[in-house]
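[1] Below are the sequence and a predicted model for it; my questions follow.
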Amino acid sequence: MIDSHRWIWIVAALLLGGLLYLLAPILSPFLIGVLLAYMGDPLVDRLERWKLSRTWGVVVVFALITLVMAILLLVLVPMLGKQLVRLYELVPEILDWLQHQALPWVQLKLGLSDGFWRFDQLKEAMSGQLGNTTDIVGMLLSKATASGLAFLAWLANLLLIPVVSFYLMRDWDLMVAKLRSLLPRGREGLVVQLFSECHEVLGAFLRGQLLVMLALGVMYATGLMMIGLELGLLIGVLAGLASIVPYLGVVVGIGAALTAGLFQFGVDFYPLLAIAAVFVVGQMLEGMLLTPLLVGDRIGLHPVAVIFAIMAGGQLFGFTGILMALPVAAVIMVLVRHLYEFYKLSNLYGEPARGSDEPPNPA
C-alpha cells in the first residue's frame, strides 16, 4: 500500500507538471496576480490589525500600488525613454571613441598587433544593426497590431492581473486555511513546517531583496544624476535591477558608469572618483543598513541559485518560467536542506563500509 501511494503521488506530480507546461502560455497573468497577492498580504494583515476590514485593506493596498504605477508611467518611463534615445544617438560617438582613443591606448600598453581588434568589422556590423532599429520597431508594432484578436487577448491578460490579485489578496488567509485543512492529519506538522520554511526563504528574497534592489536603484540613479552623468538615471536603474542577484548590480553599474564617465568627462579624475564613491556608499549602506533592516537574518536564495533558476525557468517555460523560477527554487532549496539532514542521520551515511571494521594499517 505504501508503494502504491508513492506511485500515485509520483503520477499526480507528473500530470501536474505536464498540465502546467501545456497551460504555460496563459499562466502569466495568474502568476503575476499570485505574486502581487503574496507580497501584499502582510500589509493587508497589518491593516486588519488596525481594525480595518479585509476588503478595505485590499482597496488601500491597491490604491498604493496604483499610485506607484502612475508615478512610474508619468515620471520615470518618459525620463528613461529620453535617456534611451540619447544612448541611441551616442552609440556612433562611443564607437569612434573606442576606435580612436580607448582601444589604441590598451593596444599600446599591452603591446598588441595593429590588426588585433578588427574594430572596423565590428563597427560596420553594429552600425548596420543600429540602422535597422527603426525597421525592427516598425515590424514588431505591425505584428502586434496585425491581429486584432491577439491584441485583445494581450489587453485582456493585462486587465486580468489586477482582478486576479484583488480576489486572491482578499481571500488569501481563507485559502491558506482551506488548504491546510486538506492536509493528511498525520503529516500536517511536517508539511506546515516545510511550507513555513519555504515562505521564510521566499519572503526574505521577494519582500527583502526586491526592496533592497529598489532602494539601491534610487540611490545609484540619484547619485549619478547629481554628479552630472548624462546616462545616470538609465545606469542607476539597470544597476538596481541587476541587484536582484547580490553584488551583481554594483559590478554592472560601476562598469557601465565608469565607461560612460570616461566617454563624457575624459580622464578627469574627480568625476570618475565621484562615480566610484556612489557605488561604494551604496554598498556600505546595503551591508550596514538595508540588508539587516529589510532582509534581516533570514536565509535567502544563494546568488548562483537565483541566476540558474531564472535562466532555467526562461529556457523551459519562457516568461512564465521566469515568474515561477524563484518560488520553485525556494521550495527545492528547503527540500534539499532537509534531504541533507536526513542523509546525515541515515544508516547510509553512518554505517561503515563492509570489511572495514578495523582501521587500515598505515604500514
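    Good, I have the coordinates.
[2] which residue is nearest the middle of the protein?
    Ile244 (4.9 Å; CA atoms, centre = their mean).
[3] So that residue sits against Leu211, correct?
    No - applying CB atoms under 8 Å as the test, Ile244 and Leu211 come out as separate, 11.3 Å apart. Bear in mind the C-beta positions are built from the backbone N, C-alpha and C, glycine included.
[4] Now Tyr220. Nearest residue, chain neighbours left out?
    Gly236 (3.7 Å; CB to CB, 6 or more residues apart in numbering).
[5] what's the helix or strand containing the one you found packed up against?
    Element membership for Gly236, per DSSP states H and E: helix 232-242. In this structure, helix 232-242 packs against helix 77-97, helix 210-227, helix 248-265, with contacts taken as 3 or more CB pairs under 8 Å, 6 or more residues apart in numbering; DSSP states H and E.
[6] Moving C-terminal from the last one, which element do we reach first?
    Tracing the chain C-terminally past helix 248-265 and defining elements by DSSP H and E, one meets helix 269-285 next.
[7] Dump the helices and strands packed on helix 232-242 to a markdown table, plus mean pLDDT, mean neighbour count and distance to Leu20.
    Output for the helices and strands packed on helix 232-242, formatted as a markdown table (pLDDT from 0 to 100; neighbours: other CB atoms under 10 Å; distance: least, CB to CB, whole Å):
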| stretch | mean pLDDT | mean neighbour count | distance to Leu20 |
| --- | --- | --- | --- |
| helix 77-97 | 80 | 13 | 32 |
| helix 210-227 | 89 | 20 | 24 |
| helix 248-265 | 86 | 19 | 29 |
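[8] Go through the ones you listed and name the closest to Gly240.
    helix 210-227 (2.0 Å; CB to CB).
[9] Tell me how far that closest one lies from the chain's centre.
    Centroid separation for helix 210-227 versus its chain: 16 Å, with CA atoms, centre = their mean, to the nearest Å.
[10] what does stretch 61-68 give?
    21 Å.
[11] tell me the average confidence for that stretch?
    Stretch 61-68 carries an average pLDDT of 87.
[12] Show me which positions of it end up buried.
    For stretch 61-68, burial by neighbour count (16 or more other CB atoms under 10 Å) applies to 61-62.
[13] Let's see that stretch as CSV, backbone CA atoms only.
    The C-alpha coordinates for stretch 61-68 follow below in CSV (Å, rounded to 0.1, in the frame of the first residue of the first chain):
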residue,chain,number,x,y,z
VAL,A,61,-3.1,48.4,-0.8
PHE,A,62,-4.4,48.6,-4.4
ALA,A,63,-4.6,52.3,-4.2
LEU,A,64,-0.9,52.4,-3.1
ILE,A,65,0.1,50.1,-6.0
THR,A,66,-1.9,52.2,-8.5
LEU,A,67,-0.2,55.4,-7.2
VAL,A,68,3.3,53.8,-7.6
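[14] and Lys344, how many neighbours?
    10 (other CB atoms under 10 Å).
[15] shaky segments in the stretch 1-150 of the chain?
    1-5, 112-150 (pLDDT under 70).
[16] can you pull the contacts of the closest residue to Gln315 other than its chain neighbours?
    Spatial nearest neighbour of Gln315, excluding adjacent residues (CB to CB, 6+ apart): Gly321 at 7.2 Å. Contacts for Gly321 (CB atoms under 8 Å, 6 or more residues apart in numbering) come out as 24, 312-315.
[17] re the thing from before, starting at the chain centroid, how far to the helix holding Gly236?
    Worked out by CA atoms, centre = their mean, helix 232-242 lies 14 Å from the chain centre.
[18] Check stretch 172-185 too.
    For stretch 172-185 - counting by CA atoms, centre = their mean - the centre lies 29 Å from the chain centre.
[19] quick one: buried residues of that stretch?
    Applying 16+ other CB under 10 Å to stretch 172-185 flags Trp172 as buried.
[20] residues making contact with that stretch?
    So stretch 172-185 is contacted by 37-38, 41, 44-45, 54, 168, 188, 191-192 (CB under 8 Å, 6+ apart).
[21] can I get the CA coordinates of stretch 286-294 in PDB?
    Extracted C-alpha coordinates of stretch 286-294, given in PDB (Å, rounded to 0.1, in the frame of the first residue of the first chain):
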ATOM      1  CA  GLU A 286      23.300  48.000   1.800                       C
ATOM      2  CA  GLY A 287      25.600  46.000   4.100                       C
ATOM      3  CA  MET A 288      25.100  48.100   7.200                       C
ATOM      4  CA  LEU A 289      21.500  49.300   6.900                       C
ATOM      5  CA  LEU A 290      19.400  48.000   4.000                       C
ATOM      6  CA  THR A 291      20.000  44.200   4.200                       C
ATOM      7  CA  PRO A 292      19.800  44.000   8.100                       C
ATOM      8  CA  LEU A 293      16.700  46.200   8.100                       C
ATOM      9  CA  LEU A 294      14.800  44.700   5.100                       C
END
